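Participant: Just to be clear, the model below is a prediction. Sequence and coordinates:
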Amino acid sequence: MPGYYKRSTPIDCQLLYTNLTGGTNSSETKNMDLKVENGGAKKGERLGWGKSLPVPSVQEIVRNDFQSVPDRYIHENKDRELNSDNFASSLEVPVIDFSLLAKGEEGEIRKLDLACKDWGFFQITNHGLRDEVLHKMKATVAAFFELPLEEKKKYAKAANEIQGYGQNFVVSEEQKLDWSDMIYLITVPPERRNFKFWPLSLPGFKDAIEEYSAEVQKVAEELYANFSVLMGLDRDGLKRLQGELKQGIRMNYYPVCSRPDLVLGISPHSDGSTFTLLLQDDEVTGLQIKHKQVWVPVKPIPNSLVVNVGDAAEIQSNGMYKSIEHRAITNEEKPRISIATFVFPDDEQEIGPLESMIDDSHRPRMYRNIKYVDYIREKFARRMEGKAHTDFVKLQSA
Ligand SMILES: O=C(O)CCC(=O)C(=O)O
Ligand SMILES: [Fe+2]
């Protein structure tokens, strides 16, 4: 492909972290070795969810040379196909009025049920998060990514951690990389916050995250209560059976790209969460979801949140609700930021299809039970590859 893309400038100095030790195959990752010295788990400490190889900052690659698209970012044709035709582009994911849901309006609850069955994705309006909270959150995330690389590297992921600045799901040196940088932080329960990865010297960052995290958790809990009712339990049923929702926030930065047709902002995947609430850029469309085999763009509705069913809810609902594959694409004109809040069960919680969702003649059990931490470690031990990471919990009937 002469002339289209150049090899990047030397990137060793841009690696987001360097304290990598040990191998990266999935069995090793699952065993979570305790050998890692720098930033790793110490004896007796809670073990992590996984690890990921160090990668360069894409934002820095673009800062150095806008034209550069290194080979490692050029995805196979089949993975980046843009079969998002006019028809797909005209489709819209359902929109739910959250205030009606919170009032218990039957019609809106039915809409939620259908949205989770047919789409696995919907947007919510009137969610109660003040515009000011959303703006502060977006501004603080933008300010973080604008910091010099040297500063951001202070919050870099450790080798066997998934929290911090860098990238996750990179498990081999050969694997194609995505055109994005991210910082991931566990936010709920507060005692699981690891401030080592929080840019506390950035004015306003901690306040903005804490305020947003608390507000978005309220929305998540109301949705959880609704899911509970839809799955045949009372409003607190899921919480009683599966415990309180934990929370992590993944902030994604997608730099502009001179060849958006060659790269992916984030590879097709489904989320390992119970569900995810995404705050996306109001102006730049990037998220696409796989709906009936075509990629449908999720056009931003200003100040709304995009919600999707995660793998844990798909499993609990015995496949009734779908954790849909999605991806993000990039563009030449504008960088894009998205903020994904994942809510999920406790590590020690066993997840599996609820009794109320199993019906031997019509909907036999589709997934086996599994401890959540074992599920999520399997996800983090692999590259993002659609729904391949969910196969190991599927039963024959699935
Ligand atoms: O940026 C987006 O729209 C999608 C982000 C996403 O899917 C994720 O962080 O899991
Ligand atoms: Fe996602």
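Facilitator: In hand now; what should we look at? Ligands and ions are numbered 1, 2, ... in the order given.
Participant: Please count neighbours and contacts with C-alpha atoms only from this point.
Facilitator: Noted.
Participant: Single out the residue in the stretch 201-350 of the chain that lies closest to ligand 1.
Facilitator: Leu287 (4.0 Å; Cα to the nearest ligand atom).
Participant: is it true that that residue touches Ile329?
Facilitator: Yes: Leu287 lies in contact with Ile329 (Cα atoms under 8 Å); the separation is 6.6 Å.
Participant: Correct me if wrong, but Lys206 is in a helix.
Facilitator: Yes: in this structure, Lys206 lies within a helix as judged by DSSP: H, G, I helix; E, B strand; the rest coil.
Participant: Can you name the residues of the stretch 101-250 of the chain sitting close to ligand 1?
Facilitator: Contact residues (Cα under 6 Å from any ligand atom) of the stretch 101-250 of the chain with ligand 1: Arg250.
Participant: Any stretches of the stretch 101-250 of the chain with poor pLDDT?
Facilitator: Nowhere does the stretch 101-250 of the chain drop to pLDDT under 70.
Participant: what separates Val229 from Arg63, distance-wise?
Facilitator: For Val229, the distance to Arg63 (Cα to Cα, to the nearest Å) stands at 49 Å.
Participant: ugh, typo on my part, it should be Glu348
Facilitator: In this view, Glu348 and Arg63 are 43 Å apart by Cα to Cα.
Participant: do the same with Phe275
Facilitator: Relative to Arg63, and taking Cα to Cα, Phe275 is found at 34 Å.
Participant: So for these two, which residue has more residues nearby?
Facilitator: Higher neighbour count among Phe275 and Arg63: Phe275, with 26 against 13, using other Cα atoms under 10 Å.
Participant: List the contacts of the residue of the stretch 201-350 of the chain closest to ligand 1.
Facilitator: The contact partners of Leu287, by Cα atoms under 8 Å, 6 or more residues apart in numbering, come to Pro297, Val298, Lys299, His326, Arg327, Ala328, Ile329.
Participant: List the residues that contact the second one.
Facilitator: With Cα under 8 Å, 6+ apart as the criterion, the residues that contact Val298 are Glu92, Val93, Thr285, Gly286, Leu287, Gln288, Ile289.
Participant: ok, 7 Å please
Facilitator: Glu92, Val93, Thr285, Leu287, Gln288 (Cα atoms under 7 Å, 6 or more residues apart in numbering).
Participant: Spatially, what comes nearest to the fourth one if we skip its sequence neighbours?
Facilitator: The reference is to Leu287. Ala328 (4.4 Å; Cα to Cα, 6 or more residues apart in numbering).
Participant: what about that neighbour, distance to Leu202?
Facilitator: Ala328 is 27 Å from Leu202, where distance means Cα to Cα.
Participant: So for the two, which sits in the more crowded spot?
Facilitator: With neighbours defined as other Cα under 10 Å, Ala328 and Leu202 compare such that Ala328 has more, 24 against 13.
Participant: Please tell me I have it right and that one contacts Gln288.
Facilitator: Yes: assessed by Cα atoms under 7 Å, Ala328 is found in contact with Gln288 at 5.9 Å.
Participant: List the backbone torsions phi and psi for Tyr73.
Facilitator: phi -100, psi 0 (degrees, to the nearest 10).
Participant: Count the residues that sit near the residue nearest to it when sequence neighbours are not counted.
Facilitator: Nearest residue to Tyr73, sequence neighbours excluded (Cα to Cα, 6+ apart): Leu177, at 4.9 Å. With neighbours defined by other Cα under 10 Å, the count for Leu177 comes to 26.
Participant: Quick check: the gap between Leu177 and Glu92.
Facilitator: Relative to Glu92, and taking Cα to Cα, Leu177 is found at 29 Å.
Participant: quick one, strands of the stretch 1-150 of the chain?
Facilitator: For the stretch 1-150 of the chain, applying DSSP state E, counting those that start in this stretch gives strands covering 95-97, 121-125.
Participant: out of those strands, deepest packed?
Facilitator: strand 121-125 (a mean of 22; mean count of other Cα atoms under 10 Å).
Participant: residue contacts, Glu161?
Facilitator: Glu161 is in contact with Gly48, Gly50, Lys51, counting by Cα under 7 Å, 6+ apart.
Participant: which phi and psi does Ser317 have?
Facilitator: phi -90, psi 10.
Participant: would you say Pro268 is within a strand?
Facilitator: Yes: using three-state DSSP, the secondary structure at Pro268 is a strand.
Participant: Quick check: closest non-adjacent residue to it.
Facilitator: Arg327 is the one closest to Pro268 (Cα to Cα, 6+ apart), at 4.5 Å.
Participant: what is the rounded mean pLDDT of the helix or strand containing that neighbour?
Facilitator: Assigned by DSSP states H and E, Arg327 belongs to strand 326-328. What strand 326-328 shows for mean pLDDT is 96.
Participant: which ones are touching the closest residue to ligand 1 within the stretch 1-150 of the chain?
Facilitator: Per Cα to the nearest ligand atom, Phe121 is where the stretch 1-150 of the chain lies closest to ligand 1, at 11.4 Å. By Cα under 7 Å, 6+ apart, the contact list for Phe121 reads Val93, Ala115, Val307, Asn308, Val309.
Participant: Pretty sure the fourth one sits in a helix.
Facilitator: If I follow you right, that is Asn308. No: counting by three-state DSSP, Asn308 is located in no helix; its state is strand.
Participant: Skipping adjacent residues, who's closest to it in space?
Facilitator: In space, Asn308 is closest to Phe121, 4.3 Å off (Cα to Cα, 6+ apart).
Participant: Could you do Leu262 as well?
Facilitator: Spatial nearest neighbour of Leu262, chain neighbours left out: Ile74 (5.2 Å); criterion: Cα to Cα, 6+ apart.
Participant: can I assume that neighbour is in contact with Val263?
Facilitator: Yes: applying Cα under 7 Å, one finds Ile74 in contact with Val263, separated by 5.1 Å.
Participant: Compare the two and say which one has the larger neighbour count.
Facilitator: Neighbours per residue, other Cα under 10 Å: of Ile74 and Val263, the larger number sits with Val263, 29 against 20.
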